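Chemist: Let me see the structure of the following:
(2 chains)
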Amino acid sequence: DSGVTQTPKHLITATGQRVTLRCSPRSGDLSVYWYQQSLDQGLQFLIQYYNGEERAKGNILERFSAQQFPDLHSELNLSSLELGDSALYFCASSPRGSHGYTFGSGTRLTVV
Amino acid sequence: KNEVEQSPQNLTAQEGEFITINCSYSVGISALHWLQQHPGGGIVSLFMLSSGKKKHGRLIATINIQEKHSSLHITASHPRDSAVYICAVRSGGGADGLTFGKGTHLIIQP
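Modeler: Below is the predicted model:
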């Protein structure tokens, strides 16, 4: 157990639907990062939150959004899902002032 | 051209062999990470480097900032080392996520 908890582990949904992925960072870590891993694109950075505020954006689609709550857990919302959104979605957390990362075990999203 | 290039893409070796995986990057970085991903998906951070060399057990990671190059070495390789090894860099800007290489698929045969 890395200390970063992601739920659910697996999710199957239909095209056009909306899903929410949840991440609880390691205790004390203020930064949360979301990453997408697909067969064709590999691992890509989506978005970073730090202590409740958006800090950086990567290759995140407009159909996707995220937020970080006062208890520091984060949610990634994926809407109007397409087949190509099928991927592993990882969350990682990092303590203040550190470049180190701890990854969660990921959520495998399958869009059918 | 990808900002992070890894070689080789695939590597099969016999148990006990010395393994080297290379990573070159084209941007200024604040840190370089070596990650391990086993079948089934979980990602484990092996090393974070900003200079020099680090060792953990049979794993050694080095970085040459001037040449924008890093290597991951595995000594006395074992079948349990079979995994995908991913090089990732964090830009010098500080507030960005990681940029990843495509990974090296390593298989260690008994």
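Chemist: In contact with whichever residue of chain A sits closest to chain B, which residues?
Modeler: As assessed by CB to the nearest CB, chain B sits closest to residue A:45 within chain A, at 3.1 Å. For the C-beta atoms, the positions are set from N, CA and C on the backbone; glycine is no exception. Residue A:45 is in contact with A:33-35, A:56, A:58-59, B:96-99, counting by CB atoms under 8 Å, 6 or more residues apart in numbering or on different chains.
Chemist: These into CSV, with extra columns for distance to residue A:18, neighbour count and pLDDT?
Modeler: Converted to CSV, those look like this (distance: CB to CB, whole Å; neighbours: other CB atoms under 10 Å in any protein chain shown; pLDDT from 0 to 100):
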residue, distance to residue A:18, neighbour count, pLDDT
A:33, 22, 27, 96
A:34, 16, 25, 97
A:35, 20, 26, 97
A:56, 24, 18, 92
A:58, 21, 17, 91
A:59, 20, 13, 86
B:96, 27, 18, 71
B:97, 24, 26, 85
B:98, 27, 24, 90
B:99, 29, 21, 92
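Chemist: Mind checking which of the residues you listed land in strands?
Modeler: Per DSSP state E, strands hold the following members of those: A:33-35, A:56, B:98-99.
Chemist: Pass me the low-pLDDT residue ranges in chain B, would you?
Modeler: Chain B contains residues with pLDDT under 70 at B:1-2, B:92-95.
Chemist: what about the helices in it?
Modeler: Assigned by DSSP state H, the helices in chain B number zero.
Chemist: Bridging across strands, which residues link to the residue lying closest to residue A:32 once chain neighbours are set aside?
Modeler: Leaving aside its sequence neighbours, residue A:32 sits nearest to residue A:74 (CB to CB, 6 or more residues apart in numbering or on different chains; 4.3 Å). In this structure, residue A:74 bridges to residue A:23, residue A:68 when assessed by DSSP bridges.
Chemist: Contacts only, for whatever residue of chain B ends up closest to chain A.
Modeler: Nearest to chain A, among the residues of chain B, is residue B:97, at 3.1 Å (CB to the nearest CB). Contact analysis of residue B:97 by CB under 8 Å, 6+ apart lists A:33, A:35, A:45-48, A:56, A:58, B:90.
Chemist: which among those gets closest to residue A:67?
Modeler: Of all the contacts of residue B:97, residue A:67 sits closest to residue A:47, with 9.8 Å by CB to CB.
Chemist: which SS state does that closest one fall under?
Modeler: Classification of residue A:47 by DSSP: H, G, I helix; E, B strand; the rest coil places it in strand.
Chemist: how close does it sit to residue B:77?
Modeler: Going from residue A:47 to residue B:77 by CB to CB, to the nearest Å gives 37 Å.
Chemist: How about residue B:65?
Modeler: According to CB to CB, residue B:65 and residue B:77 sit 27 Å apart.
Chemist: of these two, who's got more company?
Modeler: residue B:77 (21 against 14; other CB atoms under 10 Å in any protein chain shown).
Chemist: Which pLDDT value does the model give the residue located most distally from the centre of chain A?
Modeler: What lies farthest from the middle of chain A is residue A:97; by CA atoms, centre = their mean that is 20.9 Å. pLDDT for residue A:97: 73.
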